[in-house]
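Visitor: have a look; sequence and predicted model below, questions after that.
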Amino acid sequence: MRETPRFFPSDLSDRERRIYGALTAFFFLVLLALTWPVYTLFSGIRPLVLGMPFSLFYIVVVLVVSFLVLLGLYLWEDRRGRLDDDPPGGEG
Amino acid sequence: MADWVIILAVTLGYLLLSLLVGLVSGGRASGTTEGYVAGDRSLGFLVLYFIMGASIFSAFAFLGGPGWAYSRGAAAFYIIAYGILGLVPWYFFGPRVAELGRKFGYVTQAELFAHRFDSKAISAILALISIVAFLPYLTLQMSGAGYVFNVVTEGRIPVWAGAAIAYGVVLIYVFRSGVMGVGWTNTFQGLFMMALAWGLGLYLPHELYGGVTPMFEAIAAEFPEMLRAPGLNDAGERWTWGGYSSSILISVLGFSLWPHYFMKIYTARNVRTLKKTIVAYPTFQIFLVPILFIGFSGVLAFPGVEPADAILPTVITSIELPAFVVGLFCAGALAASMSTGDAILHAGGSILVRDFWQVLVDPEMDDRTQRRTIQVLVVALGAVAYYFAVISDVSLVYLLLLSYGFIAQLFPLILATFFWPRSTPAGALAGLLVGSAVVITWNLVPELQWQDIHPGVWGVVANAVTLVAVSLATEPMEEEHVEEFVVG
C-alpha cells in the first residue's frame, strides 16, 4: 500500500507534470490575489476604470485572467487529444 | 388596465412557459432512476452550462447580491471573487467522478464516498448533512418567490399564495421530468435573467445618476468606506480582512461540493462537455457585476431601506417603469428562485432515497419503486420547506450560516478519496464528525472567534488533521479496492 499522496497519474510526461504543477500554483496565486494580503494593495477606490471603483475593476481583471488561463488549458488538452480519451485526472 | 394586472399577467405568462418547457423536456430521458436523476448521463454543453449558471442566480444573488452592495458596499465583491475559483476544482476531479459514476452507476455524491470508503455510516451522515444544508436554502428561495408576488400585486396576493403558485409549478415539472425538467427550465430561465441583469444594471445607474461613473463618483464622495474593500460588516462598521478572506476561502472549498451541483457531474455526456462547462462558467459570473450595480444605485437614491434585500423591488417599484418591464423583473426574480429551488428539491429527494433509505433500510428496492419514492420525497421536502417559509416562525437563518461550513467539510474527504490511498474509513468518518462538531461549536461560542475567521475554516483544519491521524492509526484498506479510485 502506498503511504504517500500521489497527485499525477503515472502516464503523464515530465513536461505535463510541470504544466499541471504550474497551473495548481497559478490557482493558488489567484486565491491569494483575491484575499488578504495581496488584495489589500488593490482595494482602493481610484482610479475609477470603466466607471467601476478600482477595487471592483481589479476583481473583474482577475476573473478575466483566470478565465483565459483555464481556456488555454482546455485548448492545450484538446490539441493533445486529451479530451476524447481517458481523462488525465490528477490535481493538475 | 391597472398596472398590477399587467405585471401579474406577464409573471403568470412566464410561469406557464416554464411549466411547458419543464414538462416537454421530460420525454428526453428514459423512465429509469438513472434517467430521472442523472439524465441518462447524456446532457450536452448548453444545458449543463445553464444549470451551473442558474446556480449563481439564486434568490440570494438576485435579491441578496444587490442587498449586500446596498448595505455593505465592497463586501459584496466577495460573491464575485469566490465564483472565480468556485468551479475550478471540478476541472481536476470532475472527469474522474464522471468516469467512476459511469462505471459503478452512481447518481448521488454520497454513493462515491461511501463506495470508496466502504461505509454505510458515511453515506447516512452525508445524506443528513446535505438535507440540513439544503433546507434553509430551499426555504429562502420559496419565501423569496412569495415576497415577489406580494410586492408587485401591491399586497393582493399574500406571500403564502405566491410561494404556493411558484413552487406548485416547480413541483409539477420536477415530479414529472426529473433532472431534464430542471435542466431545460434553467436554460430558459438563465437566458431570461442574463438579459434582465444587464438591462437593469445599466439602466438604473443611468436613470438615477446619469451613468455608472457618476454613480460611483457620488458614492465615493459621500461614503468612501463603502467602495474600499473589504467594505462594511452587517452592523455597518468596517469589515475585517479576516472575515472577508475566510468567507472567500470557505466558499471556494465548499462551492464545487454542494451535493446538488456535484450530482450534475454525472449528467455530463462526456469529459469534453464537462470541461467546456467549467471553462465557460466565468462568463456567467460576470453577470454579477451589473447585479451589484443595481444595489449600488440605491445607496444615495433610496437610503434607509429595510431589510436591505428589498432594495431591488423597492427601486423597481419607486421609479416610473412601464408595467410590462416590472412584470419581466418579477418573472426574472421568480426564475432566480425557482431555478435554484428545483435543483435542490430534485437532489434532496434523490439523496434521501439513494443514500439514506436504500442504504440503511431497504437495499433491495427496485428501480421503479426508487423513482416513485424519489418523486414522493420531492413533494414531501417541498412541503417541509413551505412550512418553514410561510407558516412557522422559526428562523432558519442560523442554519444558513452553518450550511457552507458543513459543506466545506467534504473538501478533505474528496482529496483523500482521490489522492491519498492510505486514508481509511475510520479516518474519513472521524474527520467529518470532528470537522462538523468544530463548525457547530465555533458558531455557538462567539468567544472562540479570532479575527472574524469563518468557523468553517477551523472545521476544515480539524477535519484534515483528524482524517490523517486516524487513518494512520487504523488498518489500511484493501489495495485492490483503493486503486479503483485513487489517481495512479
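Guide: The structure has been received and is ready for your questions.

Visitor: residue B:350 and residue B:371 touch, don't they?
Guide: No - under the criterion of CB atoms under 8 Å, residue B:350 is not in contact with residue B:371, lying 9.7 Å apart. To be clear about C-beta, it is placed using only N, CA and C from the backbone, and glycine gets the same treatment.

Visitor: remind me, longest helix of chain A?
Guide: Of all the elements of type helix in chain A, the one with the most residues (DSSP state H) is helix A:54-79.

Visitor: tell me the mean pLDDT over that one?
Guide: For helix A:54-79, the per-residue pLDDT values average out at 96.

Visitor: and the gap between the residue nearest to the spatial centre of chain A and chain B?
Guide: The geometric centre of chain A, computed from its C-alpha atoms, lies nearest to residue A:27 (CA atoms, centre = their mean), at 3.5 Å. As judged by CB to the nearest CB, to the nearest Å, residue A:27 and chain B stand 6 Å apart.

Visitor: just the pLDDT at that residue, thanks.
Guide: pLDDT for residue A:27: 95.

Visitor: thinking again about what came up before, shared neighbours of residue B:350 and residue B:371, anything?
Guide: Taking CB atoms under 8 Å, 6 or more residues apart in numbering or on different chains as the contact criterion, the common neighbours of residue B:350 and residue B:371 are residue B:36.

Visitor: more neighbours: those two, which one.
Guide: Neighbour count, other CB atoms under 10 Å in any protein chain shown: between residue B:350 and residue B:371, residue B:350 has more, with 29 against 20.

Visitor: now for that one: which residues touch it?
Guide: Taking CB under 8 Å, 6+ apart as the definition of contact, the neighbours of residue B:350 are B:36, B:37, B:107, B:108, B:263, B:374.

Visitor: of those, grab the buried ones for PyMOL.
Guide: When burial is assessed using 16 or more other CB atoms under 10 Å in any protein chain shown, the buried subset of the contacts of residue B:350 is captured in PyMOL by this command:
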select buried, chain B and resi 36+37+107+108+263+374
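
Visitor: within reach of chain A, which of the contacts of residue B:350 are there?
Guide: Checking the contacts of residue B:350 against chain A by CB under 8 Å from any CB of the partner chain, not one of them is in range.

Visitor: which one of the contacts of residue B:350 is nearest residue A:72?
Guide: Using CB to CB, residue B:263 is the member of the contacts of residue B:350 that sits closest to residue A:72, with 28.8 Å.

Visitor: go ahead and confirm the closest one touches residue B:111.
Guide: No - shown here, residue B:263 and residue B:111 do not form a contact pair, counting by CB under 8 Å, at 9.7 Å.

Visitor: on that earlier part again, put together a markdown table for the contacts of residue B:350, with secondary structure and pLDDT on each row.
Guide: Below are those laid out as a markdown table (DSSP: H, G, I helix; E, B strand; the rest coil; pLDDT from 0 to 100):
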| residue | secondary structure | pLDDT |
| --- | --- | --- |
| B:36 | helix | 85 |
| B:37 | helix | 86 |
| B:107 | coil | 92 |
| B:108 | coil | 94 |
| B:263 | helix | 92 |
| B:374 | helix | 92 |
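
Visitor: closest one to chain A out of the contacts of residue B:350, please.
Guide: Within these, proximity to chain A (CB to the nearest CB) peaks at residue B:263, which comes in at 18.4 Å.

Visitor: what sits against that closest one?
Guide: Contacts of residue B:263 were listed using CB under 8 Å, 6+ apart, and they are B:37, B:38, B:107, B:108, B:109, B:347, B:350.

Visitor: wait, the third one touches residue B:34, no?
Guide: Looking back up the chat, that one is residue B:107. Yes - with contact defined as CB under 8 Å, residue B:107 reaches residue B:34; the gap is 6.2 Å.

Visitor: could you pull out the strands for the stretch 151-300 of chain B?
Guide: Remark: strands of the stretch 151-300 of chain B are absent; assignment by DSSP state E, counting those that start in this stretch.

Visitor: all helices of it, in order?
Guide: Across the stretch 151-300 of chain B, reading from the start of the chain, the helices by DSSP state H, counting those that start in this stretch fall at B:159-209, B:212-222, B:224-227, B:241-255, B:259-262, B:271-285, B:288-301.

Visitor: including distance to chain A and mean pLDDT, could the ones you listed go into CSV?
Guide: Formatted as CSV, these follow (distance: least, CB to the nearest CB, whole Å; pLDDT from 0 to 100):
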stretch, distance to chain A, mean pLDDT
helix B:159-209, 8, 87
helix B:212-222, 3, 96
helix B:224-227, 4, 95
helix B:241-255, 4, 93
helix B:259-262, 17, 91
helix B:271-285, 4, 90
helix B:288-301, 7, 93
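
Visitor: export these to CSV and tack on mean neighbour count and distance to residue B:317?
Guide: Supplementary listing: those in CSV, determined by neighbours: other CB atoms under 10 Å in any protein chain shown; distance: least, CB to CB, whole Å:
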stretch, mean neighbour count, distance to residue B:317
helix B:159-209, 22, 13
helix B:212-222, 17, 20
helix B:224-227, 19, 24
helix B:241-255, 23, 31
helix B:259-262, 23, 32
helix B:271-285, 21, 27
helix B:288-301, 24, 12
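
Visitor: quick one on the thing from earlier: now the longest helix of chain A: buried residues?
Guide: For helix A:54-79, by 16+ other CB under 10 Å, it's A:54-60, A:62-63, A:66-67, A:69-70, A:73-74, A:77.

Visitor: what angle do it and helix B:212-222 make?
Guide: Helix A:54-79 and helix B:212-222 meet at an angle of 130 degrees, taking axes from the mean of the first three to the mean of the last three CA atoms, to 10 degrees as the criterion.

Visitor: next, the angle from helix A:54-79 to helix B:271-285.
Guide: Computed by the same axes, to 10 degrees, the angle between helix A:54-79 and helix B:271-285 is 170 degrees.

Visitor: does any part of helix A:54-79 sit near chain B?
Guide: Yes - Helix A:54-79 comes into contact with chain B (CB under 8 Å from any CB), by way of A:55-56, A:59-60, A:62-64, A:66-67, A:70-71, A:73-74, A:77-78.

Visitor: and these, which two are the farthest apart?
Guide: A:55 and A:78, at 35.5 Å, using CB to CB across these.

Visitor: how far away is residue B:223 from chain A?
Guide: Look at residue B:223 and chain A: by CB to the nearest CB, they are 11 Å apart.

Visitor: need the contact list for that residue.
Guide: Neighbouring residues of residue B:223 by CB under 8 Å, 6+ apart: B:73, B:299.
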